[in-house]
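# Whatever this is, show me its structure:
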Amino acid sequence: MTNIRIPLSAETRTGAATLFELDKVALEVENIAKSEEMDLAVLITYLKLNTDEQNKQLKLEAAKLRTLILQDIEKKLQAQLTQGRHAAEMTEQDKNKLKFWLLAIVGAFFFGCEGFDGIATVVGLTSVSGIVAFGVALLFSAIAVFVFCGFELKQIANHLGVKFKDASNLVNEYVKQLAEIEGLLDTVEKIMTEDSQIANNQLGEYQVMLEMLNKRLNHIKQEKEKLDEVKNAKKVKAIKLGFSLVAGAIFFSSGFFTGQAVALFIAGLFVTASATFPPILAAAVLLAGMSFLFYWFLQRPNMENLIGRKMGLDDEKLEKLGTDHTDKIEEKITSLQCRVLDKQEIVACQNQVASKSAEVKSLTADLTVSELSNAALKQELAEIKEKLSQSEENPARAKQKPDQGLMHEGKRLPEALTLIGKYNRALLFQPEPEQAATIRSLKMDLRGATLRESQA
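Numbering: from 1, shown residues only. This is a model prediction of the structure:
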């Protein structure tokens, strides 16, 4: 199995160093902080661990580090599939960022002035001092800017394709981790589809990584249940309600100012009236109430979600961590695990077939060599027999010593024929692999016998 080396970004190493300052016992975190790249197996081992539930700061930093590590892993796997963005895309994004910041400045200034003007009109009807009225107007102006940043600014960022950086909290980190898990699953699926040799060699590590992702997913689901309990607490609901009422006052004051201006203009066509004239005030209060009701039923949920977002309890983000979403991811993990197991079996069978094929080819080659060798030896044996037959026909060469050969019908047989009979009996009881050695021994003995007979 091939070891996959994961390059660690500077942000990841910085996050690991920050976490190590909080937890000096975590030696694996120290290794991450000091390494520019690490084995995937080592990172997976760390990702399977869970952080102390009691220390909230430690838990948050650990979640951030895991998110960064998942991003580094996805970048490494994506490098096998895609290249970086083109320069034209980078230029277009820079233009969108400039538009975003210009709209953010203009929008904040406009909403700040609107909030200041509306509440200043309402406070001006009372007998408070100018300094107090100015302070209250500034406060509501700041709240109006806050509402703009929470509602409109994010929509502008999404429209221009600019990433709106979220605050660092557990919900955002878990959402990022969930997104990275989905990205890793998509990347692994693409790699499996390509059926490359690199992917086949890394199937074991993919299986371990999928097990780690499944464990991280289960941990996120458990944390989601705890976050839901915090979101539904009475204290959190009271804070959301208080801020919603304050924001509603901005809509009320804006409607009051608009209604007063319209009523004064219409009344001025017929009579001379002041801003404190009861019919004028009644029209202003009526429009202010309508504006407040519009806010309460349409904008208040968004305002409460904005407050929850600042408290680290964003309803939209929590919905992304819901069971409907996580169950689909879990099904995909299970499906990919089955695919990896099936692929491992296929690769193992292919390797086994290749090994057997190579073994058969080797045995076939050895058998061919053995057959050729036996054929050559048999041919040489036949030639020797033929020579011996010729020597029997020649009386001068048939002469032999009294102590050589066997007797047949009262006559001694040549030594070569004796050897042939001896080896033929031996060949009958020997397996084929050993017959070649026996034939070679016969060959040497026959040459010696032939030499002795020729000398005799």
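
# residue boundaries of the strands in the stretch 1-150 of the chain?
5-7, 37-39 (DSSP state E, counting those that start in this stretch).

# Same list (the ones you listed) but as CSV, adding distance to residue 288.
C-betas here are computed from N, CA, C, even on glycine. As requested, the strands of the stretch 1-150 of the chain are exported to CSV (distance: least, Cβ to Cβ, whole Å):
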stretch, distance to residue 288
strand 5-7, 59
strand 37-39, 62
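
# Residue 283 is in contact with residue 263, isn't it?
Yes. Shown here, residue 283 and residue 263 form a contact pair, counting by Cβ atoms under 8 Å, at 3.7 Å.

# picking that back up, adding mean neighbour count, mean pLDDT and distance to residue 319, write the strands of the stretch 1-150 of the chain out as CSV.
CSV is the format used below for the strands of the stretch 1-150 of the chain (neighbours: other Cβ atoms under 10 Å; pLDDT from 0 to 100; distance: least, Cβ to Cβ, whole Å):
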stretch, mean neighbour count, mean pLDDT, distance to residue 319
strand 5-7, 15, 84, 31
strand 37-39, 15, 84, 34
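
# Quick check: longest helix in the chain by residues?
Secondary structure of the chain read by DSSP state H shows that its longest helix is helix 323-393.

# what is the mean pLDDT for that one?
Helix 323-393 shows a mean pLDDT of 78.

# what's the answer for stretch 259-278, then?
84.

# so where do the helices sit in the stretch 151-300 of the chain?
152-160, 170-194, 197-201, 203-231, 234-268, 278-294, 300-310 (DSSP state H, counting those that start in this stretch).

# Likewise for the stretch 1-150 of the chain?
10-22, 27-34, 40-47, 56-78, 87-124, 130-150.

# Output these as CSV; include the columns mean pLDDT, distance to residue 267 and mean neighbour count.
Formatted as CSV, those follow (pLDDT from 0 to 100; distance: least, Cβ to Cβ, whole Å; neighbours: other Cβ atoms under 10 Å):
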stretch, mean pLDDT, distance to residue 267, mean neighbour count
helix 10-22, 84, 63, 18
helix 27-34, 82, 72, 17
helix 40-47, 82, 70, 18
helix 56-78, 81, 58, 20
helix 87-124, 77, 17, 15
helix 130-150, 82, 25, 17
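
# right, and these - which one's nearest residue 222?
helix 56-78 (12.7 Å; Cβ to Cβ).

# Not counting sequence-adjacent ones, nearest residue to the residue nearest the centre of the chain?
Residue closest to the mean C-alpha point of the chain, counted by Cα atoms, centre = their mean, is residue 184 at 2.5 Å. Nearest residue to residue 184, sequence neighbours excluded (Cβ to Cβ, 6 or more residues apart in numbering): residue 74, at 5.2 Å.

# and the one you found, how far is that from residue 205?
Distance of residue 74 to residue 205, computed by Cβ to Cβ, to the nearest Å: 14 Å.

# re the thing from before, for the helices of the stretch 1-150 of the chain, which one sits closest to residue 257?
Nearest of the helices of the stretch 1-150 of the chain (Cβ to Cβ): helix 87-124, 4.3 Å.

# Let me know the angle separating that closest one from helix 152-160.
160 degrees (axes from the mean of the first three to the mean of the last three Cα atoms, to 10 degrees).

# ok, residue 68 touching residue 15?
Yes. Taking Cβ under 8 Å as the definition, residue 68 is a contact partner of residue 15 at 5.4 Å.

# sorry, back to before: which elements pack onto the longest helix of the chain?
If you count contacts as 3 or more Cβ pairs under 8 Å, 6 or more residues apart in numbering; DSSP states H and E, helix 323-393 packs onto helix 170-194, helix 203-231, helix 395-398, helix 415-428, helix 432-455.

# Any buried residues in the longest one, and which?
Going back to what we said before, that points to helix 203-231. By neighbour count on 16 or more other Cβ atoms under 10 Å, the buried set for helix 203-231 is 203, 205-210, 212-214, 216-217, 219-221, 223-224, 227, 231.

# per-residue confidence averaged over stretch 301-319?
Averaging pLDDT along stretch 301-319 gives 82.

# Look at that stretch and report the distance between its end residues.
15 Å (Cα to Cα, to the nearest Å).

# got the buried residues for that stretch?
302-309, 311-315, 317-318.

# Quickly, which of the helices and strands packed on helix 323-393 bottoms out on average pLDDT?
Minimum mean pLDDT among those: helix 395-398, a mean of 47.

# re earlier: select, out of the strands of the stretch 1-150 of the chain, the one closest to residue 188.
Closest among the strands of the stretch 1-150 of the chain, using Cβ to Cβ: strand 5-7, at 14.3 Å.

# what about residue 181, how many residues close to it?
22 (other Cβ atoms under 10 Å).

# Enumerate every residue touching the residue lying closest to it once chain neighbours are set aside.
Counting by Cβ to Cβ, 6+ apart, residue 181 lies nearest to residue 213, which is 5.2 Å off, once chain neighbours are set aside. Residues in contact with residue 213 (Cβ atoms under 8 Å, 6 or more residues apart in numbering) are 181, 184-185, 333.

# Using JSON lines, lay out those together with distance to residue 342.
Output for the contacts of residue 213, formatted as JSON lines (distance: Cβ to Cβ, whole Å):
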{"residue": "181", "distance to residue 342": "22"}
{"residue": "184", "distance to residue 342": "20"}
{"residue": "185", "distance to residue 342": "17"}
{"residue": "333", "distance to residue 342": "15"}
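
# May I ask which two of these are separated the most?
184 and 333 (9.8 Å).

# Would you mind giving the secondary structure of residue 312?
coil (DSSP: H, G, I helix; E, B strand; the rest coil).

# quick one, what contacts it?
Here residue 312 is in contact with 167, 169-172 (criterion: Cβ under 8 Å, 6+ apart).

# I'd like these as TSV, with neighbour count appended.
Listed next are these as TSV, based on neighbours: other Cβ atoms under 10 Å:
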residue	neighbour count
167	11
169	20
170	19
171	27
172	20
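
# which of the residues you listed lies closest to residue 328?
Nearest to residue 328 among those, with distances taken as Cβ to Cβ, is residue 171, at 19.5 Å.

# what's the spacing between that closest one and residue 4?
31 Å.

# now do residue 345
With Cβ to Cβ as the criterion, residue 345 and residue 4 are 22 Å apart.

# Who has more neighbours out of these two?
Each of residue 345 and residue 4 has its neighbours counted (other Cβ under 10 Å); residue 4 has more, 20 against 10.

# re the thing from before, export the helices of the stretch 1-150 of the chain to a markdown table and tack on distance to residue 368?
Listed next are the helices of the stretch 1-150 of the chain as a markdown table, based on distance: least, Cβ to Cβ, whole Å:
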| stretch | distance to residue 368 |
| --- | --- |
| helix 10-22 | 60 |
| helix 27-34 | 57 |
| helix 40-47 | 46 |
| helix 56-78 | 48 |
| helix 87-124 | 62 |
| helix 130-150 | 83 |
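
# between those, which gets nearest to residue 287?
Among those, helix 87-124 sits nearest to residue 287 (Cβ to Cβ), with 11.7 Å.

# Distance from the chain centre to the closest one, please.
38 Å (Cα atoms, centre = their mean, to the nearest Å).

# Show me what that helix is packed against.
Under the contact criterion of 3+ Cβ pairs under 8 Å, 6+ apart, helix 87-124 touches helix 130-150, helix 152-160, helix 234-268.
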